[in-house]
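Peer 1: give me coordinates for this.
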Amino acid sequence: MRDFIQGVLNSYNFIGWLFAIIGFISTGAGVYLFLSGIGPLLLRLGNALWKREIAVFAEPHRFAELKQVLLDSKVFNEKNIIHIAAHNFDRAKGVTIFLVDWHSCQHNIEDVFRLRSNHQTPIVIHAKPGTIPIPVMDDIANRLNTDVVNFKGRLIYVILMFLITTAYEK
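Peer 2: Numbers count the residues shown, from 1 in each chain. Reported below is the predicted structural model:
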């Protein structure tokens, strides 16, 4: 009887060690998959929020509104939001994301598109529904990394998605 009990205890000991080894391997695989999958995404978002600047093309009062929307989200840093007036577009060179108020810059939209260094510089256009003529909207729709939004909540979402999906170059 004693040998039987000792045999059962030894088998439980073996099973315990087996499950411990499986647990360690599973934990290691989970950490590896997290670091290789979600880790780079989080690192990219962190770098984007910390380092990338947003150039806001707008009249002063519209800039104040859009800046406040960005700051109210508590996601963006105030020092990374730059006002670009219509007469001073050269300040936007080197900025990696453009936010354009359609009401303020509708006549200069081609100048804004020419300012971006490459197609990795996203342009987000904030416009009221129906204010952009159909031919201009078709032209905007055919450009890479460009989006038109009319809701302030969606504005935050679109900027965050562009920050994650477009390359950040030092």
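Peer 1: what about the helices in the protein?
Peer 2: Taking DSSP state H, the helices of the chain run over residues 2-51, 60-72, 102-105, 109-115, 134-141, 152-165.
Peer 1: run through who's touching the shortest one.
Peer 2: In this structure, residues lying in contact with helix 102-105 by Cβ atoms under 8 Å, 6 or more residues apart in numbering are 57-59, 62, 86, 109, 112, 125-128, 131-132, 148. (C-beta placed from N, C-alpha, C; glycine too.)
Peer 1: picking up where we left off before, dump the helices of the chain to TSV, plus mean pLDDT and mean neighbour count.
Peer 2: Converted to TSV, those look like this (pLDDT from 0 to 100; neighbours: other Cβ atoms under 10 Å):
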stretch	mean pLDDT	mean neighbour count
helix 2-51	78	11
helix 60-72	89	15
helix 102-105	85	18
helix 109-115	84	15
helix 134-141	88	12
helix 152-165	85	16
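Peer 1: for residue 82, which of those helices is the nearest?
Peer 2: helix 60-72 (9.5 Å; Cβ to Cβ).
Peer 1: break this structure down into its structural domains.
Peer 2: 1-51, 53-165 (automatic domain parsing).
Peer 1: can you tell which of the helices of the chain is closest to residue 94?
Peer 2: Short answer: helix 109-115, nearest of the helices of the chain by Cβ to Cβ, at 10.0 Å.
Peer 1: elements contacting the closest one?
Peer 2: strand 97-101, strand 123-126 (3 or more Cβ pairs under 8 Å, 6 or more residues apart in numbering; DSSP states H and E).
Peer 1: wait, which of these is closest to residue 165?
Peer 2: strand 97-101 (11.1 Å).
Peer 1: what's the offset of the closest one from the middle of its chain?
Peer 2: Distance of strand 97-101 from the chain centroid (Cα atoms, centre = their mean, to the nearest Å) equals 14 Å.
Peer 1: each with direction, which strands does it pair with?
Peer 2: Sheet pairing here is set by DSSP bridges, and for strand 97-101 it gives strand 54-57 (parallel), strand 123-126 (parallel).
Peer 1: any chance of JSON lines for these, columns distance to residue 140, mean neighbour count and mean pLDDT?
Peer 2: JSON lines is the format used below for those (distance: least, Cβ to Cβ, whole Å; neighbours: other Cβ atoms under 10 Å; pLDDT from 0 to 100):
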{"stretch": "strand 54-57", "distance to residue 140": "14", "mean neighbour count": "26", "mean pLDDT": "89"}
{"stretch": "strand 123-126", "distance to residue 140": "7", "mean neighbour count": "24", "mean pLDDT": "91"}
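Peer 1: these into CSV, with extra columns for distance to residue 17?
Peer 2: As requested, the strands paired with strand 97-101 are exported to CSV (distance: least, Cβ to Cβ, whole Å):
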stretch, distance to residue 17
strand 54-57, 55
strand 123-126, 56
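Peer 1: before I go, just wanted to say thanks for your time.
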